[in-house]
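*Asks:* turn this into a model:
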Amino acid sequence: MAVTRQSLPSPPTPGASHVDSVDPGTGEVVGRFETTNASELPAIFENARRAQIDWAARPLHGRCAMLRRLRDTMFEHREEVADIITRETGKPRVEAILAEILLALDTADFLARRALRWLRPERVPHHNIAMKAKSGWLEFQPHGIIAIISPWNYPFSIPMVEMISAVVAGNALLLKPSELTPWTGWLVRELFLRAQFPTGLVQVLQGGGEIGAALIEAGPDKVFFTGSVATGRRVAEACARKLIPSVLELGGKDAMIVLADANLEIASSAAVWGSFMNCGQTCISVERIYVEQPIADRFMQLCVEKTKKLRLGPPADPDAEVGPMIRPRQREKVEQQLRDAVERGAQIVTGGDRRPDLDPNFLEPAVITNVDHSMQLMREETFGPVMAIRPVASAEEAVGLANDSQFGLSASVWTDNSKRGREVASRIRAGSVMVNDVASYYGICEAPHGGPGASGWGRTHSRLGLLEMVQVKYIDVDRLPRFAKSWWYGYTRELTAAAGGFVEALFAPTWKRRLKAMMQKQAARGVVFRRDRI
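*Replies:* From the prediction side, this is the model:
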């Protein structure tokens, strides 16, 4: 891989603590990064506050212009970015391009055009006749300092999408990348600097969970975390103690429902890709497949045939389709889930073995059946190359099983009847459901991402994700400033009668009663518009 000399970071200070960038396909240490000490946080926050104040004062169109500059910088350095992503994660280069670089480029381009409309002051019309003399507006103001704690599986696209939204909204950013992908985290900051963003606006904190905890304790204005449920709970608790708002994306257990009228060739290809992309290390990968009984055998046969054809190898191999798992510990978790399933009666139809001829981190993609919800494999997130298939009697049973999960990130429905597909999709408890596709909604800038339950809270992507980056302020201007308001002090019997008549005129169940009340209200007009309020 052609990592340029310009892309190489400075080596750590001798004797300083550090984190290693490791090639998961070989175990080779390819980079070393000095960790951030908690004692540095006050200065880091001071620099961020100073930069954020100046940045937020820039006109919105100027911040959008900087997004276009960032987009162009990412495009110019896209080969270098792909080199580093594939070297640290082991994913095929095509996945680094399409799922990481393309998404970041598209988000920068999209928000450079849309943020001007989505973040400008918005008029709020008032429906209540008593408030027609007022003019309401929404303004969108930055939080201040946004802390982003990002994962290793998509170390570029996940933080970049959030960071692009945050900076265009006027925030400063502190990124804590995963300690497994420090080089990609370092590169993210480099790209902002190369695009000439202000010094201090985007800073990167290297290290493990201890620096993430210290970052929250230091008091950012909002926290975005993507990672495991266990760590997400700790993040939520730490934020709650300091009343820091947060957005959490904690993973999924995504269900794929294949109805009897589905195109099995297409659905099986989608199942194979959806289960094994990024070696199954994807929060929206296909993890549970429920297939209607009449087509279950044929569907499984096709999935097994296509899985056996997948080519394993390092990203240096341009024909490789499945790379290594990120670390031995992650591979062992998946192997434990497979063992638990087999002990409870499941059958591995193909795969599930290590490939030491390549590297111990390579695990053959597995197709497993005879599964049920007593198994870890069907309850816990499986971050590895496993496809679990279960026949069902009906769509109703499939929906019930899909909803029998603590997670709810995304799902998919497969059918030749799009109307039926949408109806089934509406009954699935998930933040996003695709009909006749899997996972690709994540690359649609207009589509929000997030889900209920153990999948977390809040949204990223789309306008909803952009609005997570701002404080919404309501401003009200009264257009009759010389009149005291009828509801101010100076209460009298007449005012009470007028108030009751006003409510009657608006909400009485018959028009006759409303008309009568309006006539009485007209007689009381002098009471309502008196100038002698206290």
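*Asks:* only C-alpha atoms for contact and neighbour calcs from this point on.
*Replies:* Noted.
*Asks:* helix, strand, or coil at residue 513?
*Replies:* Taking DSSP: H, G, I helix; E, B strand; the rest coil as the rule, one finds residue 513 in the helix state.
*Asks:* now do the contacts for it.
*Replies:* Contact analysis of residue 513 by Cα atoms under 8 Å, 6 or more residues apart in numbering lists 504-505.
*Asks:* distance of it relative to residue 503?
*Replies:* Distance of residue 513 to residue 503, given as Cα to Cα, to the nearest Å: 11 Å.
*Asks:* tell me the predicted confidence for the spatially most central residue of the chain.
*Replies:* By Cα atoms, centre = their mean, the chain has its centre lying nearest to residue 460, at 4.3 Å. On the pLDDT scale, residue 460 is placed at 97.
*Asks:* that one against residue 451, yeah?
*Replies:* No. At 10.3 Å, residue 460 does not count as touching residue 451 under the criterion of Cα atoms under 8 Å.
*Asks:* run through the residues that contact the residue nearest to the centre of the chain.
*Replies:* Shown in contact with residue 460 (Cα under 8 Å, 6+ apart): 162, 448-450, 466, 468.
*Asks:* which one of those sits in the busiest neighbourhood?
*Replies:* For those, counting by other Cα atoms under 10 Å, the largest number of neighbours falls to residue 450: 26 neighbours.
*Asks:* nearest residue to that residue in space, please, no chain neighbours.
*Replies:* Residue nearest to residue 450 in three dimensions, not counting chain neighbours: residue 459, with 4.9 Å by Cα to Cα, 6 or more residues apart in numbering.
*Asks:* that neighbour: neighbour count?
*Replies:* Close neighbours of residue 459, defined as other Cα under 10 Å, add up to 22.
*Asks:* list the contacts for it?
*Replies:* Contacts for residue 459 were tallied using Cα under 8 Å, 6+ apart; they are 247, 448-451, 465, 468.
*Asks:* and these, which two are the farthest apart?
*Replies:* Using Cα to Cα, the pair of those lying farthest apart is 451 and 468, separated by 14.6 Å.
*Asks:* surely residue 294 meets residue 260?
*Replies:* Yes. The pair formed by residue 294 and residue 260 meets the contact definition of Cα under 8 Å, at 6.5 Å.
*Asks:* so where's the stretch 201-350 of the chain shaky on pLDDT?
*Replies:* In the prediction, the stretch 201-350 of the chain carries no residues with pLDDT under 70.
*Asks:* now do the helices in it.
*Replies:* Remark: helices assigned in the stretch 201-350 of the chain by DSSP state H, counting those that start in this stretch are 209-217, 229-241, 264-276, 293-308, 328-343.
*Asks:* from those helices, which stretch is densest packed?
*Replies:* Stretch with highest mean neighbour count among those: helix 264-276 (a mean of 22; mean count of other Cα atoms under 10 Å).
*Asks:* what's it in contact with?
*Replies:* Identification of contacts with helix 264-276 by Cα under 8 Å, 6+ apart yields 256, 258, 280, 285-287, 298-300, 302-303, 306-307, 322, 365, 384-387, 414, 436-439.
*Asks:* pull out the buried residues from those.
*Replies:* With neighbours counted by 16 or more other Cα atoms under 10 Å, these contain buried members at 256, 258, 280, 285-287, 299-300, 302-303, 307, 322, 365, 384-387, 414, 436-439.
*Asks:* show me what the residue nearest to the centre of the chain bridges to in the sheet.
*Replies:* For residue 460, the beta-bridge partners are residue 449 (DSSP bridges).
*Asks:* could you check how far it is from residue 63?
*Replies:* Distance, residue 460 to residue 63, by Cα to Cα: 20 Å.
*Asks:* and for residue 126?
*Replies:* Counting by Cα to Cα - residue 126 and residue 63 are separated by 32 Å.
*Asks:* please say which of the two ends up with more neighbours.
*Replies:* More crowded of residue 126 and residue 63, by other Cα under 10 Å: residue 63, with 22 against 13.
*Asks:* which non-adjacent residue is nearest the more buried one?
*Replies:* Residue 63 sits nearest to residue 168 (Cα to Cα, 6+ apart), 5.5 Å away.
*Asks:* thinking that neighbour is in contact with residue 65, fair?
*Replies:* No. Using Cα under 8 Å, residue 168 is not in contact with residue 65; the gap is 9.4 Å.
*Asks:* contacting residues around the residue lying closest to residue 310 once chain neighbours are set aside?
*Replies:* The shortest distance from residue 310 to any non-neighbouring residue, by Cα to Cα, 6+ apart, is to residue 321 (6.3 Å). The contact partners of residue 321, taken as Cα under 8 Å, 6+ apart, are 92, 310-313.
*Asks:* phi, psi of residue 321?
*Replies:* Per-residue torsions, residue 321: phi -110, psi -30 (degrees, to the nearest 10).
*Asks:* for the stretch 1-150 of the chain, which segments count as helices?
*Replies:* Assigned by DSSP H, counting those that start in this stretch, the helices in the stretch 1-150 of the chain fall at 41-57, 60-76, 78-89, 93-95, 102-118.
*Asks:* and the second one, how far out from the chain's middle?
*Replies:* Averaging C-alpha positions (Cα atoms, centre = their mean, to the nearest Å) puts helix 60-76 22 Å from its chain's average.
*Asks:* start to end distance for stretch 429-441?
*Replies:* Counting by Cα to Cα, you get 16 Å between the two ends of stretch 429-441.
*Asks:* what packs against the helix or strand residue 476 falls within?
*Replies:* According to DSSP states H and E, residue 476 maps onto strand 470-478. When contacts are defined as 3 or more Cα pairs under 8 Å, 6 or more residues apart in numbering; DSSP states H and E, strand 470-478 packs onto strand 134-142.
*Asks:* what sits against residue 51?
*Replies:* With contact set as Cα under 8 Å, 6+ apart, residue 51 has these partners: 172, 198-201.
*Asks:* run the last query once more with 7 Å
*Replies:* Neighbouring residues of residue 51 by Cα atoms under 7 Å, 6 or more residues apart in numbering: 198, 200-201.
*Asks:* also residue 28?
*Replies:* Residue 28 sits next to residue 22 when contact means Cα under 7 Å, 6+ apart.
*Asks:* do you know how far it is from residue 359?
*Replies:* The spacing between residue 28 and residue 359, counted by Cα to Cα, is 11 Å.
*Asks:* need phi/psi at the residue nearest to residue 465 when sequence neighbours are not counted.
*Replies:* Leaving aside its sequence neighbours, residue 465 sits nearest to residue 459 (Cα to Cα, 6+ apart; 5.1 Å). Main-chain torsions, residue 459, degrees, to the nearest 10: phi -140, psi 150.
*Asks:* measure residue 459 to residue 451 for me?
*Replies:* From residue 459 to residue 451 the distance is 8 Å (Cα to Cα).
*Asks:* would you indicate which residues of the helix or strand harbouring residue 401 are buried?
*Replies:* Using DSSP H and E, residue 401 maps to helix 395-402. With burial defined by 16+ other Cα under 10 Å, the residues of helix 395-402 counted as buried are 395, 398-399, 401-402.
*Asks:* what packs against it?
*Replies:* Of the remaining helices and strands, none touches helix 395-402 by 3 or more Cα pairs under 7 Å, 6 or more residues apart in numbering; DSSP states H and E.
*Asks:* note down every partner strand of the very next helix or strand once past that helix and its orientation.
*Replies:* Counting by DSSP H and E, the next helix or strand C-terminal to helix 395-402 is strand 410-414. Sheet pairing for strand 410-414, assigned by DSSP bridges, gives strand 254-258 (parallel), strand 432-435 (parallel).
*Asks:* before I go, just wanted to say thanks for your time.
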